[in-house]
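Asker: sequence plus the predicted model coming up.
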Amino acid sequence: MKMEKLTSFLILPDNSVVDALQRLDNNGKRILFVTDHDRRLIGVVTDGDIRRWLIKTGELQGAVRQVMNQKPKVIYRKEICRANDFMRHHKITALPVINEKGMVLDIVFDEGAEHENTGQIRSMEETPVVIMAGGKGTRLYPYTKILPKPLIPIGDIPIMERIIDRFRDFGVKDFFVTVNYRKNMIKSYFAENNADYELFYVEEEKPLGTAGSLGLIKTEFRKPFIVTNCDILINADYSDIYRYHKESGNELTIVTALKNIVVPYGVIHPSENGAICSMEEKPKLSYFVNTGMYILNPELLKEVPKDSFFHMTDLADKLMREKRKVGMYPISEDSFLDMGEFEEMHRMEQKLNLKSE
């Protein structure tokens with residue numbers, strides 16, 4: 001491995017978890033090895049380690065040293081020929097190669113394990129998914145003057161079909177689609193598909209918001225269900241999100257994504273009497289944002305007012321006011337793709353390695 005590529009998998013212990021998440025996005029392997037300035041190995045950190053830290057503390061500026069596993073598995077350069085057997089024995093997919101001084105020389109990946117997991121059907125077959133597809137998509141005008149937002153193509157496949165395909169990778173087969181604007185076009189498109197899943201349409205007579213149409217669903221859900229907007233793609237392990245919701249005791253779990261905003265100016269920090277106490281060049285602000293994907297306990301359907309405009313955020317606010325448990329499942333910035341605006345739609349195409357028109 002060339003040094004430039006190797007360094008994309010290395011991080012210093014005093015870097016923040018935000019820095020770590022960005023590096024994880026960049027290297028695409030969901031793992032980093034923590035070293036000192038001389039490249040001597042100190043620990044290992046994965047996206048799962050960071051997610052558990054964020055759920056536990058909510059602290060974005062925590063240091064990598066607080067999150068890392070201090071006892072990583074390693075292999076010496078002279079033993080590299082048995083690296084694959086070693087990884088499979090220990091059920092890991094990445095292994096740092098070190099010398100006698102503990103310096104990281106290379107990283108070996110078990111590519112075979114990754115291919116084995118690709119497209120593997122998970123146990124979400126009985127999990128209902130509600131896709132909110134009734135909005136007009138005004139931010140994408142004039143595209144939505146011709147097509148409803150769910151049918152706008154990303155590459156040559158409509159965004160809603162991509163969302164369904166992603167859930168199908170995890171075994172989901174029952175989709176409830178709330179429709180209003182140009183609903184017949186949506187129905188006609190999917191009626192022509194030879195699909196191995198079921199679409200149940202929930203028709204709004206008037207706009208009811210991102211949660212109001214849940215009150216129109218006639219099916220009685222007996223287990224937590226997922227609600228997602230029709231203009232987002234989440235690149236994450238849906239089965240892990242669902243498992244976390246059930247184990248956390250949350251009534252409502254919001255999938256959140258890290259969002260970094262760089263102020264393009266030098267920022268002045270003032271003090272009394274017009275004095276300047278410090279200056280900061282192009283600071284980066286980091287926040288968790290709502291992705292538009294939620295996991296709800298079925299009892300929450302009773303909380304949705306009938307025939308009223310009601311958003312998912314209204315439901316979350318109501319639960320929090322009542323001191324009921326609303327939680328989050330954090331993902332990295334690059335794992336959240338939003339086509340709600342033109343710039344983000346092109347980013348989605350690029351991220352999916354599709355040629356943009």
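Answerer: Okay, I see it. Quantities reported herein were computed from a predicted structural model and do not represent experimental measurements.
Asker: what about stretch 4-18, start to end distance?
Answerer: 21 Å (C-alpha to C-alpha, to the nearest Å).
Asker: where exactly do the helices run in the chain?
Answerer: In the chain, the helices defined using DSSP state H lie at 3-7, 17-27, 47-57, 64-67, 83-90, 111-117, 143-146, 159-168, 183-191, 209-212, 238-248, 312-321, 342-351.
Asker: make CSV out of those and add mean neighbour count and mean pLDDT.
Answerer: C-beta here means a position set from N, CA and C on the backbone, and glycine is covered the same way. Formatted as CSV, those follow (neighbours: other C-beta atoms under 10 Å; pLDDT from 0 to 100):
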stretch, mean neighbour count, mean pLDDT
helix 3-7, 11, 86
helix 17-27, 20, 90
helix 47-57, 17, 93
helix 64-67, 19, 96
helix 83-90, 14, 91
helix 111-117, 11, 54
helix 143-146, 14, 66
helix 159-168, 19, 94
helix 183-191, 15, 90
helix 209-212, 23, 91
helix 238-248, 17, 96
helix 312-321, 16, 97
helix 342-351, 16, 63
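Asker: now residue 203, nearest residue through space, not along the chain?
Answerer: Nearest non-adjacent residue to residue 203, counting by C-beta to C-beta, 6 or more residues apart in numbering: residue 179, 5.8 Å away.
Asker: I misspoke; the intended subject was residue 51.
Answerer: Nearest residue to residue 51 in three dimensions, chain neighbours excluded: residue 330, at 5.7 Å (C-beta to C-beta, 6+ apart).
Asker: so what's that neighbour bridging to?
Answerer: Counting by DSSP bridges, residue 330 is bridged to residue 256.
Asker: pLDDT score assigned to it?
Answerer: pLDDT recorded at residue 330 is 95.
Asker: what is the burial count for it?
Answerer: Using other C-beta atoms under 10 Å, residue 330 has 23 other residues around it.
Asker: give the contact list for it.
Answerer: 51, 54-55, 256-258, 288 (C-beta atoms under 8 Å, 6 or more residues apart in numbering).
Asker: okay if I get the residues you listed as TSV plus distance to residue 229?
Answerer: Formatted as TSV, the contacts of residue 330 follow (distance: C-beta to C-beta, whole Å):
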residue	distance to residue 229
51	22
54	22
55	23
256	14
257	13
258	18
288	17
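Asker: surely the residue nearest to residue 203 meets residue 201?
Answerer: Yes. Here residue 179 reaches residue 201: they are 5.6 Å apart, a contact under C-beta atoms under 8 Å.
Asker: hey, what's in contact with both of those two?
Answerer: residue 187.
Asker: more crowded one of those two?
Answerer: Neighbour count, other C-beta under 10 Å: between residue 179 and residue 201, residue 179 has more, with 23 against 14.
Asker: roughly how far does the more buried one sit from residue 308?
Answerer: Per C-beta to C-beta, to the nearest Å, residue 179 is found 18 Å from residue 308.
Asker: and for residue 227?
Answerer: Per C-beta to C-beta, residue 227 is found 17 Å from residue 308.
Asker: tell me which of the helices of the chain lies nearest to residue 281.
Answerer: Among those, the nearest to residue 281 by C-beta to C-beta is helix 17-27 (17.1 Å).
Asker: how's this structure carved up into domains?
Answerer: Using automatic domain parsing, the domain ranges for the chain come out as 3-117, 129-351.
Asker: ok, which of the ones you listed comes nearest residue 123?
Answerer: domain 129-351 (6.2 Å).
Asker: please verify my assumption that residue 300 contacts residue 253.
Answerer: No. With contact defined as C-beta under 8 Å, residue 300 does not count as touching residue 253 (11.2 Å).
Asker: pick out whichever of those two has more residues nearby.
Answerer: residue 253 (24 against 21).
Asker: could you find the closest non-adjacent residue to residue 257?
Answerer: Nearest to residue 257 is residue 336, by C-beta to C-beta, 6+ apart, at 3.6 Å.
Asker: span of stretch 88-104 from start to end?
Answerer: This stretch, stretch 88-104, spans 21 Å end to end (C-alpha to C-alpha).
Asker: repeat that for stretch 202-212.
Answerer: This stretch, stretch 202-212, spans 11 Å end to end (C-alpha to C-alpha).
Asker: and that stretch, how far out from the chain middle?
Answerer: 26 Å (C-alpha atoms, centre = their mean, to the nearest Å).
Asker: show residues contacting it.
Answerer: Residues from elsewhere that reach stretch 202-212 (C-beta under 8 Å, 6+ apart): 130, 132, 134-135, 176-180, 183, 213, 215-217, 227, 229, 292, 304-305, 307-315.
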